[in-house]
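1. Got a predicted structure here, sequence first:
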Amino acid sequence: MEYKIVYLKEEYRNLVEYYPHFIEWIYDLSFDSYRVKQTEVFLEPIHIGKQKLLEMFQNRDDYQYYHGIHMLHNSLSDDYIKIKMNEYDIEVSEFEQRHDIYDILKSFSHNFYIIL
């Protein structure tokens, strides 16, 4: 299961409640300068989420970091959660159909949204 997490600016939360697929529609990091600027208007850089996740991970025994990829290893099932942190999103790869990282960030703010 792979997904991305983004942080929507507060003034656009009502818009997403009426149009739930709005974030998926505007979030396109192609090289088209119009789309990049559009993303910058609606989304905040995801510094808050990155910092909170890093603080949580660094206290764990199962945390690893290698070439920009943060990993959590479940030694019982031998599964990994892989996380790559970008400016406007956090890319997550988890086993099965779980969204553990999203659930953690959602507890900090309702402005975090998931893009599948």
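-> Cool, the structure landed. Residues are numbered from 1 along each chain as shown.

2. so which helix or strand takes in residue 13?
-> Per DSSP states H and E, residue 13 falls inside helix 13-18.

3. other SSEs contacting that helix?
-> helix 22-26 (3 or more C-beta pairs under 8 Å, 6 or more residues apart in numbering; DSSP states H and E). Quick note: C-beta positions are derived from backbone N, CA and C, even for glycine.

4. Pull the number of nearby residues for residue 46.
-> 21 (other C-beta atoms under 10 Å).

5. OK, contacts around the residue of the chain most remote from its centre?
-> Farthest-out residue of the chain from its mean C-alpha position, per C-alpha atoms, centre = their mean: residue 76, at 25.3 Å. By C-beta atoms under 8 Å, 6 or more residues apart in numbering, residue 76 lies in contact with nothing.

6. And residue 62, by the same measure?
-> 72, 73, 74, 75.

7. any idea how far residue 2 is from residue 92?
-> For residue 92, the distance to residue 2 (C-beta to C-beta, to the nearest Å) stands at 7 Å.

8. where along the protein do the helices fall?
-> 13-18, 22-26, 33-42, 47-57, 100-106 (DSSP state H).

9. quick check: mean pLDDT across the second one?
-> So the one you mean is helix 22-26. Helix 22-26 comes out with an average pLDDT of 84.

10. Now do that helix: which elements does it pack against?
-> Using 3+ C-beta pairs under 8 Å, 6+ apart: helix 22-26 touches helix 13-18, helix 33-42, strand 112-115.

11. residues of the longest one that come out buried?
-> Put plainly, it is helix 33-42. 39, 42 (16 or more other C-beta atoms under 10 Å).

12. any idea how far the worst-scoring helix or strand of the chain on mean pLDDT is from the chain center?
-> Within the chain, no helix or strand scores below helix 33-42, which has a mean of 79 by mean pLDDT, DSSP states H and E. Once both centres are worked out by C-alpha atoms, centre = their mean, to the nearest Å, helix 33-42 turns out to sit 18 Å from its chain's centre.
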